[in-house]
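*Asks:* Sequence and predicted structure are below.
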Amino acid sequence: MVIRTEGLSFNFGNQQVVKSLNLQVPEGSIYGFLGPNGAGKTTTIKLLLNLLQTQHGSIHIFEQELQKNRISILSQVGALIEQPAIYQHLSGRENLLNRALLLQVPAKRVDEMLNLVHLSNAANKKAGQYSLGMKQRLGIALALLTDPKLLILDEPTNGLDPNGIIEVRELLLKLVSEHGKTVFISSHLLAEVERMATHVGIIDGGQLLFQGSITELEALSQPLIRIEVDNTVDAANLLKRKNYPVADVTDEYVYVPYTSKIQIGDINALLIQNGYVVFSIGKQQKDLEKLFLSITQNA
Ligand SMILES: Nc1ncnc2c1ncn2[C@@H]1O[C@H](COP(=O)(O)OP(=O)(O)OP(=O)(O)O)[C@@H](O)[C@H]1O
């Protein structure tokens with residue numbers, strides 16, 4: 001595991017904001033750390049980066065205890081937390097050169113990073129004139145200067161438009177697939193990480209409510225058959241009489257839990273034989289967002 005916490009807890013005064021977290025972040029994963037506002041994500045990230053002192057429990061990064069190996073561990077971790085620390089009056093390249101000098105990183109790495117985050121064409125423009133997406137990418141480039149093995153990003157897509165989100169997503173996917181990094185990324189929106197995450201941890205009220213691979217998360221969400229039919233209420237009653245458990249009925253659709261492909265054909269035939277007009281019928285895509293909301297709301 002690249003990150004492993006055991007019983008990690010943290011209090012601000014008498015408010016417990018992180019409750020006995022057991023995080024497990026596998027090597028080479030993109031781990032989406034999800035939770036609504038105030039769930040405790042930033043506090044957890046600050047603990048992982050040793051910006052806050054652990055009060056209870058333990059943190060291992062690269063299988064080494066964080067407190068005892070602070071410097072060697074953190075030199076291999078790149079982080080972007082809250083706003084990237086960018087000098088607005090300097091160009092993108094100057095921002096990177098400055099940091100490279102400070103960290104004693106060879107200057108040639110600056111151009112490599114500009115290239116990687118697709119900022120080469122804007123390298124000489126003042127960072128203050130960058131779009132939010134460009135600033136985030138510059139922030140990621142700054143975090144990558146030392147070629148860290150692990151990247152920890154706190155809500156890197158916050159405030160970005162859909163294009164900006166896609167740009168950041170593609171960059172992170174590339175970092176994992178081509179550069180062998182592990183990425184830990186927090187977000188309050190599942191949709192933002194769902195297309196890139198391999199693993200997910202869902203936190204609310206400081207507690208980890210779910211942790212596992214994205215496939216395990218999907219398996220929790222039961223697929224449905226969505227039936228678009230002319231008279232949904234009557235059609236639903238017919239289905240119930242025929243022992244199909246109806247999950248939901250709206251003006252347009254009837255939903256039945258999906259069990260097999262054959263069953264879709266049977267339902268279609270049944271409705272048609274009984275004089276209903278079936279406009280469409282099919283297995284509905286898993287809606288992870290609904291699942292995410294139900295996990296965090298039932299907590
Ligand atoms: N410095 C602080 N002093 C006291 N309480 C704090 C402090 N920082 C955060 N908190 C509280 O801790 C809880 C968790 O906050 P945290 O910022 O970790 O949540 P989050 O999941 O990152 O939320 P967001 O998505 O809004 O950033 C909140 O109730 C917050 O008010």
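*Replies:* Noted; the coordinates are in hand. Residues are numbered from 1 along each chain as shown.
*Asks:* So the one helix or strand F184 maps to, near the ligand or not?
*Replies:* Following DSSP states H and E, one finds F184 within strand 182-187. No: using Cβ under 6 Å from any ligand atom, strand 182-187 never reaches the ligand; the gap is at least 6.8 Å. Every residue, glycine included, has its C-beta placed from N, CA and C.
*Asks:* packing partners for that strand?
*Replies:* Contact here means 3 or more Cβ pairs under 8 Å, 6 or more residues apart in numbering; DSSP states H and E; on that basis strand 182-187 packs against strand 30-34, helix 41-48, strand 150-154, helix 162-179.
*Asks:* residues touching whichever residue of the stretch 151-299 of the chain sits closest to the ligand, list them.
*Replies:* The ligand sits closest to H188 of the stretch 151-299 of the chain, with a gap of 5.0 Å, by Cβ to the nearest ligand atom. Residues near H188 by Cβ atoms under 8 Å, 6 or more residues apart in numbering: 34-37, 39, 41, 155.
*Asks:* let's go with 6 Å and repeat that
*Replies:* By Cβ atoms under 6 Å, 6 or more residues apart in numbering, the residues touching H188 are 36-37.
*Asks:* same deal with G139?
*Replies:* So G139 contacts 80, 84 (Cβ under 6 Å, 6+ apart).
*Asks:* between the strand or helix carrying it and strand 182-187, how many degrees?
*Replies:* If you go by DSSP H and E, G139 is part of helix 132-144. Orientation check (axes from the mean of the first three to the mean of the last three Cα atoms, to 10 degrees): helix 132-144 against strand 182-187 gives 140 degrees.
*Asks:* Pull out the buried positions in helix 132-144.
*Replies:* Along helix 132-144, these residues count as buried under the neighbour rule (16 or more other Cβ atoms under 10 Å): 133-144.
*Asks:* With distance to G205 added, can I get those in JSON lines?
*Replies:* Output for the buried residues of helix 132-144, formatted as JSON lines (distance: Cβ to Cβ, whole Å):
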{"residue": "G133", "distance to G205": "32"}
{"residue": "M134", "distance to G205": "35"}
{"residue": "K135", "distance to G205": "31"}
{"residue": "Q136", "distance to G205": "28"}
{"residue": "R137", "distance to G205": "33"}
{"residue": "L138", "distance to G205": "34"}
{"residue": "G139", "distance to G205": "29"}
{"residue": "I140", "distance to G205": "30"}
{"residue": "A141", "distance to G205": "35"}
{"residue": "L142", "distance to G205": "33"}
{"residue": "A143", "distance to G205": "29"}
{"residue": "L144", "distance to G205": "33"}
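*Asks:* Of these, which are in range of the ligand?
*Replies:* Among the buried residues of helix 132-144, not one lies near the ligand by Cβ under 6 Å from any ligand atom.
*Asks:* for the ligand, what are the nearby residues on the chain?
*Replies:* The chain comes close to the ligand at residues 12, 17, 35, 37-43, 188, as judged by Cβ under 6 Å from any ligand atom.
*Asks:* and with 5 Å instead?
*Replies:* With the criterion set to Cβ under 5 Å from any ligand atom, the chain comes near the ligand through 12, 17, 37-43.
*Asks:* Nearest to V183 among those residues?
*Replies:* For these, the minimum distance to V183 (Cβ to Cβ) is 14.7 Å, reached by K41.
*Asks:* Give me the neighbour count for the closest one.
*Replies:* 22 (other Cβ atoms under 10 Å).
*Asks:* same thing with Q273?
*Replies:* So Q273, with other Cβ under 10 Å, has 8 neighbours.
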